[in-house]
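# Make a model of this:
(5 chains)
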Amino acid sequence: MRVKHLLGHQSLKYKNALRATGEVIMPFKRPRPPPVPHATNSSSTSTLLSTNHEHKRLRRGCLHGIKAYILSAKIDGAEYEILIGEAEENGAELCKTPAEADIIVTAIGMKKRLERHIDWNMAKGKAVVRPDWIRDSVKKSEALPCGDYAAISDLLDSSIENCPESSSSQSQPPDQAEASTSQHQSTKESTLPDLVYEPRYKSRFACERYSPLICPNQDLVKELHIIKLAREMESEERSALSYSRAISAIKAFPEKIKSMSQISDIPYLGDKLTGMIQEFLSKSTISQARQLSSDTRYQTLISFTSVYGIGPHTARHLYDLGLRTFDDLSRYLGSDDNAEGSGGSFAWREGLRLRDELSVKIPRAEVEEMGRLVDNALQDILPGSESTICGGYRRGKLESNDVDIVFTHPQGQGNKANNMIARLVERMRKDGLITHTMHAPSVRSKGSLRPPTNHDGWDTLDKSLTIFNLPKTSPYYKGIHRRLDLIYAPREVYWTAVVGWTGSTMFERDLRLWAKQKGLKFDSSGITRRRDTKALYATSERDVFKLLELEWIEPRLRNADL
DNA sequence: AAAGAC
DNA sequence: TCTTTGC
DNA sequence: TTTTTGC
DNA sequence: AAAAAC
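Down below sits the predicted model:
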C-alpha cells in the first residue's frame, strides 16, 4: 500500500522537528531555581488569592503562623488527611520533623509510646496536644489553649507553657464561645469525638466517601485491581466497572478487614466479590488474580496497552497476530510492507518509541518544577493568569504518571483570553519545552465568555495533550520526556475544572451520578440545572461541593481508584 | 468531544 | 465508523 | 426480569 | 458484576 510512503515521510518530518527543538536553548525567562515551599498540594499558583471572595474573608486562618507537626501514628489514614487539610487551610505551617515545630499533634496518649516517635526532651520543649485541638480551634476560629488538649499528662505543664499563639490579627473574644457549639469536652478524656466520619464509607457514592491514597486493605484492593484490568483488556466493561466500584468502596473502609461480618455495610459487594474477599481472608491472595498475573495473554495485553494510542481492542488484535513483545511490535510497525495494509500507524510508532521514557514516574518535586515552567510561560502571555496542578499530584501521590495543569485567564477581560491553549503551547514549543502535541486544541472558545454548552458528556474545555521535556538548565533535568496535559478553563468554570481534573476517575463518575440524582449536571466545564439548563457558577473549590449539595472532601481523600 | 486511521 | 484519549 | 452503569 | 426500577 502507499501507507508506506506516508509513514516514512512523516517519520522524517518528526525526526527533524525533534532535532530542532532539542537543541534550542530557551531564550529568556529561566525559572528561578526552586524556592521549594512546602510539599503540600495544589497550585503552582501565581495569584491564588484575590480571586476568591468567599475564600478571602475566611483566609487569614486561625492557626496562621503556627508551626505544627502531626504525628501520623495511631491516626487513621483518612483522619490524618483531614487533620492536615484543616490545619493547612487555617494557616498552620506543617513541618516534616517534630524538631521544627512549635506544636506536636498526636493521638498517642502514653509516654512510652510517644517516645518511640519523638525524643522526650524535645517534646518537653513544645506543646503536645491531641488531634481535637485542631478541630476545636478551627471550630472556634482561634488557637485554643493547649492545656485542655494535652496529649500526655506528664507534658501538661510544658504544653501550657509552650502553647503557640496564632499570628492572625483577629483574635476573637475567646470567652463564652465555649458554650455555643459543644458543652462538654475541655479537660476531658482522650476519645476523638468523631461523629464526623463514622458512616461515610457506607455511601453509594465515592464523592461522599473518604478515600485515602493507601487504605488498610490495600493488598486486597490490589488483587481485585488485577481482575479489573483483565476485564478491561477483554472489553468486558460492565464487569470491569463492577470491580472498580468494589475497589472504590473498599478503599473507603477505615479498618483492616479480618472477618466477613465487617463487610456487610460496604456497598457494591455482591456474591462474586464477597466470595473473593472470603478467599482473600483465608489465603491472603485470590486465585483468579494469581492466575491472571502469570497468564501470557494478560501480560501481553497489559504491556501493549501501555503504549500511548494502543487500547484494548488494538492490543487484542496485535496479540491475535501472534505478537508478544515490544520487539515483536517494533518489528511489526517497522516493517514497511504489510500486504494487509496497516503496518501500524504513525501514532503507534511514536507511542512505542517514547514508551520507555513515559513509563518513568515523575517525583513531586519535578511535577512542581514543570508547574513553575508552565506558569512562567503563562504569565508571559497573559499576566495575572492562574494555574493549578491537578491529577494524581494534587491527590497526594508521591509519583505521577503525567502532569495535568488547569489554568484560566486574569479576572479582567474574558475576551483577551482567546486561544489561550494555542498560544501557550506555541510559546512552550518555541522554548523547547513541548516536543509533541498528541491532541490539538479545538478552535473553540473564540470570543466566548461562557464555556460552550455541552450536549454530550466529555468536557468542552480547550485542552492539549502534549509531551514535555525539561530544559537542560533545570536542576531536575533528566532528559526524560513527560506527558503534560494543559487545560484551559474560562474563569467562571475554573473551579469546576479543577475538581473535574483532580479525580480520581471513580470520584468523577460518582460526582456525575450524584449530580444527576440531585437534578443537576456536572462536568469539568460546568454545573447546570437539568430542569432549565441554567448554569451555576462556583467561586471556589468548596463552592463546587456546596452547589452540588455535597460535603467537602479533601483532594487527598479522593483516591477512589487503586 | 475530538482526532486519526480506516 | 471505530478506537483512543482524560479525570 | 429488565435496565442502568460518566460524561 | 451489582443494584435499581431507568
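# Strands of chain A, residue ranges please.
Under the criterion DSSP state E, chain A carries strands at the ranges A:67-70, A:93-94, A:103-105, A:127-129, A:362-363, A:386-389, A:399-400, A:402-408, A:434-439, A:462-468, A:482-488, A:520-523, A:526-529, A:535-536.
# okay, those in TSV with distance to DNA strand C, mean neighbour count and mean pLDDT next?
(Glycine included, C-beta is placed from N, CA and C.) Listed next are these as TSV, based on distance: least, C-beta to the nearest atom of the strand, whole Å; neighbours: other C-beta atoms under 10 Å; pLDDT from 0 to 100:
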stretch	distance to DNA strand C	mean neighbour count	mean pLDDT
strand A:67-70	26	20	90
strand A:93-94	24	18	84
strand A:103-105	29	26	91
strand A:127-129	35	28	90
strand A:362-363	11	20	96
strand A:386-389	11	27	96
strand A:399-400	8	18	96
strand A:402-408	5	25	95
strand A:434-439	7	17	83
strand A:462-468	6	22	90
strand A:482-488	6	24	93
strand A:520-523	7	22	91
strand A:526-529	13	20	91
strand A:535-536	19	16	92
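# I'd like the ones you listed as CSV, with distance to DNA strand B appended.
Below are those laid out as CSV (distance: least, C-beta to the nearest atom of the strand, whole Å):
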stretch, distance to DNA strand B
strand A:67-70, 41
strand A:93-94, 39
strand A:103-105, 45
strand A:127-129, 50
strand A:362-363, 24
strand A:386-389, 21
strand A:399-400, 22
strand A:402-408, 15
strand A:434-439, 5
strand A:462-468, 8
strand A:482-488, 13
strand A:520-523, 10
strand A:526-529, 12
strand A:535-536, 16
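# out of those strands, nearest to DNA strand D?
The minimum distance between DNA strand D and the strands of chain A falls on strand A:520-523, with 6.1 Å, by C-beta to the nearest atom of the strand.
# Direction included, what does the closest one pair up with?
Here strand A:520-523 is paired, per DSSP bridges, with strand A:526-529 (antiparallel).
# Is the strand it pairs with in proximity to DNA strand D?
No: Strand A:526-529 lies apart from DNA strand D when judged by C-beta under 7 Å from any atom of the strand; the minimum separation is 11.1 Å.
# Columns distance to A:L224 on top of the strands of chain A, output as JSON lines?
JSON lines is the format used below for those (distance: least, C-beta to C-beta, whole Å):
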{"stretch": "strand A:67-70", "distance to A:L224": "31"}
{"stretch": "strand A:93-94", "distance to A:L224": "33"}
{"stretch": "strand A:103-105", "distance to A:L224": "34"}
{"stretch": "strand A:127-129", "distance to A:L224": "39"}
{"stretch": "strand A:362-363", "distance to A:L224": "26"}
{"stretch": "strand A:386-389", "distance to A:L224": "29"}
{"stretch": "strand A:399-400", "distance to A:L224": "22"}
{"stretch": "strand A:402-408", "distance to A:L224": "24"}
{"stretch": "strand A:434-439", "distance to A:L224": "31"}
{"stretch": "strand A:462-468", "distance to A:L224": "29"}
{"stretch": "strand A:482-488", "distance to A:L224": "26"}
{"stretch": "strand A:520-523", "distance to A:L224": "27"}
{"stretch": "strand A:526-529", "distance to A:L224": "32"}
{"stretch": "strand A:535-536", "distance to A:L224": "36"}
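# Can you check which of the ones you listed gets nearest to DNA strand E?
Evaluated over the strands of chain A, closeness to DNA strand E peaks at strand A:520-523, with 14.9 Å, by C-beta to the nearest atom of the strand.
# Now the residue of chain A found nearest DNA strand E: closest residue in space, sequence neighbours ignored.
Residue of chain A nearest DNA strand E, by C-beta to the nearest atom of the strand: A:G270 (2.6 Å). Counting by C-beta to C-beta, 6 or more residues apart in numbering, the nearest residue to A:G270 once its immediate chain neighbours are dropped is A:S242, at 7.8 Å.
# Check A:L378 too.
Excluding the flanking residues, the one nearest A:L378 by C-beta to C-beta, 6+ apart is A:S385, at 4.7 Å.
# Could you check the pLDDT of the one you found?
On the pLDDT scale, A:S385 is placed at 93.
# for it, what are its contacts?
A:46-47, A:375, A:378-379, A:407-410, A:420 (C-beta atoms under 8 Å, 6 or more residues apart in numbering).
# Quick check on it: phi, psi?
Reported as degrees, to the nearest 10, the phi and psi values for A:S385 are phi -70, psi 160.
# from the contacts of A:S385, which would you call buried?
Using 16 or more other C-beta atoms under 10 Å as the burial test, the contacts of A:S385 include A:46, A:375, A:378-379, A:407-410, A:420 as buried.
# Leaving out chain neighbours, which residue sits closest to the residue in the stretch 101-250 of chain A that DNA strand C sits nearest to?
Nearest residue of the stretch 101-250 of chain A to DNA strand C (C-beta to the nearest atom of the strand) works out as A:S235 at 7.6 Å. Closest residue to A:S235 apart from its sequence neighbours, by C-beta to C-beta, 6+ apart: A:P312 at 5.3 Å.
# And for that neighbour, the neighbour number?
Look at A:P312: counted by other C-beta atoms under 10 Å, it has 19 neighbours.
# Repeat that for A:N559.
By other C-beta under 10 Å, 27 other residues sit near A:N559.
# who's in contact with it?
A:211-213, A:251, A:395-396, A:504, A:507.
# restrict the residues you listed to those near DNA strand C?
For DNA strand C, the contacts drawn from those by C-beta under 7 Å from any atom of the strand are A:S504.
# Show me the contacts of A:N559 that map onto helices.
Among those, DSSP state H puts A:251, A:507 in helices.
# Tell me the one of the contacts of A:N559 nearest A:P199?
A:S211 (15.0 Å; C-beta to C-beta).
# Low-confidence ranges, chain A, go.
Confidence mapping of chain A against pLDDT under 70 gives the ranges A:1-60, A:168-198, A:335-344, A:413-417, A:439-457.
# What residues does it have near DNA strand E?
Counting by C-beta under 7 Å from any atom of the strand, chain A sits next to DNA strand E at A:204, A:238-239, A:241-243, A:245-246, A:267-274.
# what's near enough to touch the residue in the stretch 51-200 of chain A that DNA strand C sits nearest to?
Proximity of the stretch 51-200 of chain A to DNA strand C (C-beta to the nearest atom of the strand) peaks at A:E81, 16.7 Å away. Residues counted as contacts of A:E81 (C-beta under 8 Å, 6+ apart) are A:210, A:212, A:396, A:554, A:556-557.
# now those as a markdown table including neighbour count?
Shown next, in a markdown table, are the contacts of A:E81 (neighbours: other C-beta atoms under 10 Å):
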| residue | neighbour count |
| --- | --- |
| A:Y210 | 28 |
| A:P212 | 24 |
| A:G396 | 21 |
| A:E554 | 20 |
| A:R556 | 24 |
| A:L557 | 27 |
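# quick one: which two of the residues you listed are the most distant?
Spanning the widest gap among the contacts of A:E81 are A:Y210 and A:G396, at 12.7 Å by C-beta to C-beta.
# Write out the residues of chain A neighbouring DNA strand D.
Counting by C-beta under 7 Å from any atom of the strand, chain A sits next to DNA strand D at A:238, A:241-242, A:454, A:456-458, A:505, A:508-509, A:512-513, A:515-516, A:521, A:523.
# mind redoing it with 6 Å?
When proximity is defined by C-beta under 6 Å from any atom of the strand, chain A lies next to DNA strand D at A:238, A:241, A:456-458, A:505, A:508-509, A:512-513, A:516.
# Following the record's annotation, map out the domains of chain A.
In terms of domains, chain A is parsed into A:5-189, A:307-358, A:362-501 (source: automatic domain parsing).
# just those: most buried one?
Using mean count of other C-beta atoms under 10 Å, the stretch among the domains of chain A with the greatest mean number of neighbours is domain A:362-501 (a mean of 19).
# Any idea how far it is from the middle of the chain?
15 Å (C-alpha atoms, centre = their mean, to the nearest Å).
# Alright, I will stop here.
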